[in-house]
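Novice: dropping a prediction and its sequence here:
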Amino acid sequence: MDVPFAPDVEAQLQQVALRNGKNPVQLVQAAAMRILADEARFSAGVKRGIEQADREEFVEHEEVRQRIDRLFRS
């Protein structure tokens, strides 16, 4: 698969790859793998949420607020 980049983007990829001891192809491949892994995690989370909703396993609004409040206090 060939992915064309604008010259300025290609130059930036080259610089970042050099700083990380990789070539641009390795850098782009690693980035693509991270995107695919993130997508798989997100899709799995959505699927779990749908399955929980189907089983009527909900978190009440007040509990969600409390969890969010705790997150912002830490």
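Specialist: In hand now; what should we look at? Given the structure is predicted, the values throughout are model-derived calculations rather than measurements.

Novice: which helix in this protein has the most residues?
Specialist: In the chain, with assignment by DSSP state H, the single longest helix is helix 24-54.

Novice: same for that one, what does it pack against?
Specialist: For helix 24-54, the elements it packs on are helix 7-19, judged by 3 or more C-beta pairs under 8 Å, 6 or more residues apart in numbering; DSSP states H and E. All C-beta spots, glycine's among them, are computed from the backbone N, C-alpha and C.

Novice: one step back: give the next helix or strand downstream of the longest helix of the chain.
Specialist: Downstream of helix 24-54, the next assigned helix or strand under DSSP states H and E is helix 61-73.

Novice: please work out the average pLDDT along that next one.
Specialist: What helix 61-73 shows for mean pLDDT is 94.

Novice: report the distance from it to the chain centre.
Specialist: Chain-centre distance of helix 61-73: 23 Å, with C-alpha atoms, centre = their mean, to the nearest Å.

Novice: what's the mean pLDDT across the longest helix of the chain?
Specialist: For helix 24-54, mean pLDDT rounds to 96.

Novice: so what's Asn20 closest to, chain neighbours aside?
Specialist: Of all residues not flanking Asn20 in the chain, Leu27 sits nearest, at 6.7 Å (C-beta to C-beta, 6 or more residues apart in numbering).

Novice: could you measure from the residue of the chain most remote from its centre over to Ala53?
Specialist: In the chain, counting by C-alpha atoms, centre = their mean, Glu62 sits farthest out from the average C-alpha position, at 28.2 Å. Between Glu62 and Ala53 the computed distance is 18 Å (C-beta to C-beta, to the nearest Å).

Novice: now swap in Ala17 and tell me
Specialist: According to C-beta to C-beta, Ala17 stands 43 Å off from Ala53.

Novice: same drill for these two, tell me which one is more crowded.
Specialist: Ala17 (17 against 10; other C-beta atoms under 10 Å).

Novice: the more buried one reaches Leu27, doesn't it?
Specialist: Yes - counting by C-beta atoms under 8 Å, Ala17 does reach Leu27; the two are 4.2 Å apart.
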